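No letters, just coordinates:
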């Protein structure tokens, strides 16, 4: 039996209820978006008591499904003003599922804004709120230390923590999730959900799953057979079996720079002269020289193992990765070519609880104002610390790229729905431009990773420099991604799934064997469509329209070197991307 | 003709030892040499590849020209 844990931060009551039958097939993103759609008034203040904050494990949470332990965090976003699902690795989703909790739903807001709470969920399912007012202002690493000090030494637990940026209501604030070693280095980074957690007066969640095993399956033998087929596909595909485990996500820096799609110095050119110095290949060399770890999973059951730990020159842990998006945001996008500088910025963002994509993009916008030179990594760290220490740019940096651009008079602001673009320029990777423009999430590469087919030639071949085929590509990927996010699968499984038909069939077979429900393959894609339909309708009711599904104008007017191209997919074609929504809404009874 | 050739990730070690340089090395190729000829010359492993000529994806049947840059990657992804 799956349950929802409801935590009312107004009256501090905690209740446990069964998951409604209408959501029986929903996990992860489908569940967070269904709950937000159902319970949050579209015009609600994202930082007010009418917003909810939902933590949901996917369908495969707590099982041995390879790469099935992702966590979805949902709410109305204070950054975009629309619905948000921010997805994280780490151990929390598995722990919740093993306890039998599909979702934790935070509602309300404290009457006393100075009150700070810790939510503790024990392995037997009991949950309590306790005051931790003296944790106010602590960074994510300090909070996890404080939690360790109060837990039994033989406990097994994971943490979800909020840094000072979230406490301060910054719109670039993310939520940290502990990894397998307990470091708070995995993030539901995007969309300012740390600010929502801060508005609820919740500093941290501890989830103990001590003594709990994997979840039971409706048909154990069938599940295990499908699980083995899926695991084999992940290990045999060259991307998930070799490229990602060896070099991590940052293997992309060199190839995007080569393709002219690596946004450099605030999206002013597409290739970076410092790409080699900040590449995944160089990162691996340095990490190995210093005795760091270059291959592990971000959660139990990951067979891809693209995570790694960066260590300083003395061999001490500094931060995870850094991942490709972070290496880009503070690297090429800021003109910085020193991995130690980038790692220090990553660690500081991690401790503050700031999304590195949004904050790096904001930093590049600040640099574009002329207030700080591109390439000045040490200056960037000082600028980042000004968020709390004062001086320029100050707090506005923590509110993201658009807020920073407006404050400093910069006109080249790479955002959609107020959220900063990640590490692919939409002029030379046009498929990802369609995803940025149309995603319910704002500019988000993970929502429909057209880079795979445009640049990496996984799942087919669509020319990145031409507009043809990009809308169909993005639509199909957005539907498939919403499905994977709902099942709790890491989106990197998409690489083998796109190329190996049996990998997709194995997902279907695992879902059926685990839940005991009859699924057909079409049901999986329907799950993705229903998720997007909740999100699209919520955004429409929150006031978003076609004008919000657009890239900033400079992407159509300013040619991007070295290919000297502009974004060419027409508005009319992009406006067809969600044509499936009205019919899907009718079948769901929510039209 | 001179062509710059760059090899990445797991292909980094396949440069000819007789041609000095780092990741990108300048090779003197015969006129009309194709990308496939380079792949055979360097004895790259028989696996899918991502190939660019001057930053644009290129089929392995394509002929190379003086001054071009050929970049070859193994299957990689991230995000």
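Arrived safely, thanks for sending. Every value quoted in this text rests on a predicted model; they were computed, and no experiment measured them.

Residue 24: neighbour count?
Chain wasn't specified; assuming chain A. 12 (other Cβ atoms under 10 Å in any protein chain shown). Every residue, glycine included, has its C-beta placed from N, CA and C.

hmm, I had chain B in mind actually
15.

nearest residue to residue A:163 other than its sequence neighbours?
residue A:353 (2.4 Å; Cβ to Cβ, 6 or more residues apart in numbering or on different chains).

Provide the partner residues of residue 5 in its beta bridges.
Using chain A. Counting by DSSP bridges, residue A:5 is bridged to residue A:16, residue A:104.

wrong one, chain B
With DSSP bridges as the rule, residue B:5 is bridged to residue B:25, residue B:70.

my guess is it contacts residue B:27, does it?
Yes. Residue B:5 is in contact with residue B:27 according to Cβ atoms under 8 Å; the separation is 5.4 Å.

Between the two, which has more neighbouring residues?
residue B:5 (25 against 20).

how about the more buried one, what does it touch?
If you count contacts by Cβ atoms under 8 Å, 6 or more residues apart in numbering or on different chains, residue B:5 has them with B:15, B:24, B:25, B:26, B:27, B:38, B:42, B:69, B:70, B:71, B:72.

now with 7 Å?
Residues near residue B:5 by Cβ atoms under 7 Å, 6 or more residues apart in numbering or on different chains: B:25, B:27, B:38, B:70.

same thing with residue B:75?
With Cβ under 7 Å, 6+ apart, residue B:75 has these contacts: A:238, A:239, A:243, B:48, B:50.

All the strands of chain B, in order from the start?
B:2-7, B:24-28, B:50-53, B:56-57, B:69-73 (DSSP state E).

and the fourth one, which strands flank it?
Put plainly, it is strand B:56-57. strand B:50-53 (antiparallel).

shaky segments in the stretch 151-300 of chain A?
For the stretch 151-300 of chain A, no stretch has pLDDT under 70.

what about stretch A:311-326, distance to the chain center?
19 Å (Cα atoms, centre = their mean, to the nearest Å).

Quick check: nearest residue in space to the residue of chain B found nearest chain A, chain neighbours excluded?
At 3.4 Å from chain A, residue B:78 is the closest residue in chain B, using Cβ to the nearest Cβ. Nearest non-adjacent residue to residue B:78, counting by Cβ to Cβ, 6+ apart: residue A:249, 3.4 Å away.

same deal with residue A:385?
residue A:348 (6.9 Å).

what comes up buried for the strand or helix carrying the one you found?
Following DSSP states H and E, the helix or strand that holds residue A:348 is helix A:339-352. For helix A:339-352, the neighbour count (16 or more other Cβ atoms under 10 Å in any protein chain shown) marks A:339, A:341-352 as buried.

by contact count, what packs against the helix or strand that that helix is followed by?
Of the helices and strands lying after helix A:339-352 in sequence (DSSP H and E), the nearest is helix A:356-368. For helix A:356-368, the packing partners by 3 or more Cβ pairs under 7 Å, 6 or more residues apart in numbering or on different chains; DSSP states H and E come out as helix A:324-330, helix A:339-352, helix A:377-389, helix A:401-407, strand A:419-420.

list the contacts for the residue nearest to residue B:78?
Neighbours of residue A:249 in contact, by Cβ under 7 Å, 6+ apart: A:306, A:323, A:324, B:78, B:79.

at 6 Å what do you get?
A:306, A:323, A:324, B:78 (Cβ atoms under 6 Å, 6 or more residues apart in numbering or on different chains).

For it, what are phi and psi?
phi -60, psi -30 (degrees, to the nearest 10).

related to what we said a few turns ago, most packed of the strands of chain B?
strand B:69-73 (a mean of 22; mean count of other Cβ atoms under 10 Å in any protein chain shown).

between it and strand B:2-7, how many degrees?
Going by axes from the mean of the first three to the mean of the last three Cα atoms, to 10 degrees, strand B:69-73 is angled at 20 degrees with respect to strand B:2-7.

Would you mind listing what in the stretch 201-350 of chain A touches chain B?
Counting by Cβ under 6 Å from any Cβ of the partner chain, the residues of the stretch 201-350 of chain A close to chain B are A:238-239, A:243, A:247, A:249, A:251-252, A:254-255, A:258-260, A:324.

And stretch A:132-141, end to end?
Distance between the boundary residues of stretch A:132-141 (Cα to Cα, to the nearest Å) amounts to 16 Å.

And the average pLDDT for that stretch is what?
In this model, stretch A:132-141 has an average pLDDT of 98.

returning to what we had before: format the strands of chain B as JSON lines; extra columns: distance to residue A:407 and mean pLDDT.
Formatted as JSON lines, these follow (distance: least, Cβ to Cβ, whole Å; pLDDT from 0 to 100):
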{"stretch": "strand B:2-7", "distance to residue A:407": "41", "mean pLDDT": "98"}
{"stretch": "strand B:24-28", "distance to residue A:407": "41", "mean pLDDT": "97"}
{"stretch": "strand B:50-53", "distance to residue A:407": "39", "mean pLDDT": "97"}
{"stretch": "strand B:56-57", "distance to residue A:407": "39", "mean pLDDT": "97"}
{"stretch": "strand B:69-73", "distance to residue A:407": "40", "mean pLDDT": "98"}
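
Kindly reformat those strands as JSON lines containing distance to residue A:440.
Shown next, in JSON lines, are those (distance: least, Cβ to Cβ, whole Å):
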{"stretch": "strand B:2-7", "distance to residue A:440": "38"}
{"stretch": "strand B:24-28", "distance to residue A:440": "41"}
{"stretch": "strand B:50-53", "distance to residue A:440": "30"}
{"stretch": "strand B:56-57", "distance to residue A:440": "30"}
{"stretch": "strand B:69-73", "distance to residue A:440": "32"}
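
Distance-wise, check residue A:130 relative to residue A:162.
Noted for residue A:130: a distance of 15 Å to residue A:162, by Cβ to Cβ, to the nearest Å.

More neighbours: which of those two?
More neighbours surround residue A:162 than the other of residue A:130 and residue A:162, with 30 against 11 (other Cβ under 10 Å).

what's the nearest residue to that one if we skip its chain neighbours?
residue A:197 (4.5 Å).

again, but for residue A:356
residue A:326 (4.1 Å).

from what I can see that neighbour touches residue A:347, true?
No. Contact criterion Cβ atoms under 6 Å: residue A:326 and residue A:347 do not qualify, at 10.2 Å.

quick one: which of the contacts of residue A:249 is nearest to residue A:216?
Nearest to residue A:216 out of the contacts of residue A:249 is residue A:306 (Cβ to Cβ; 29.6 Å).

Quick check, residue A:488 in contact with residue A:68.
Yes. Using Cβ under 6 Å, residue A:488 is in contact with residue A:68, at 5.1 Å.

who has more neighbours, those two?
The residue with more neighbours, out of residue A:488 and residue A:68, is residue A:68; 33 against 29, by other Cβ under 10 Å.

Helix, strand or coil: sort out residue A:118 for me.
Following DSSP: H, G, I helix; E, B strand; the rest coil, the label given to residue A:118 is strand.

Could you report the separation of it from chain B?
From residue A:118 over to chain B the distance is 33 Å, taken as Cβ to the nearest Cβ, to the nearest Å.

What is the burial count for residue 17?
Since no chain was named, I'll use chain A. 10.

that's the wrong chain, I wanted chain B
With other Cβ under 10 Å as criterion, residue B:17 counts 5.

confidence score at it?
95.

Find the residue ranges of chain A scoring beneath the pLDDT cut-off.
Checking chain A against pLDDT under 70 turns up A:1.

what residue is smack in the middle of it?
residue A:87 (3.8 Å; Cα atoms, centre = their mean).

residue furthest from the geometric center of the chain?
If you meant another chain, say so; for now it's chain A. Quick read of chain A (Cα atoms, centre = their mean): farthest out is residue A:221, 32.9 Å.
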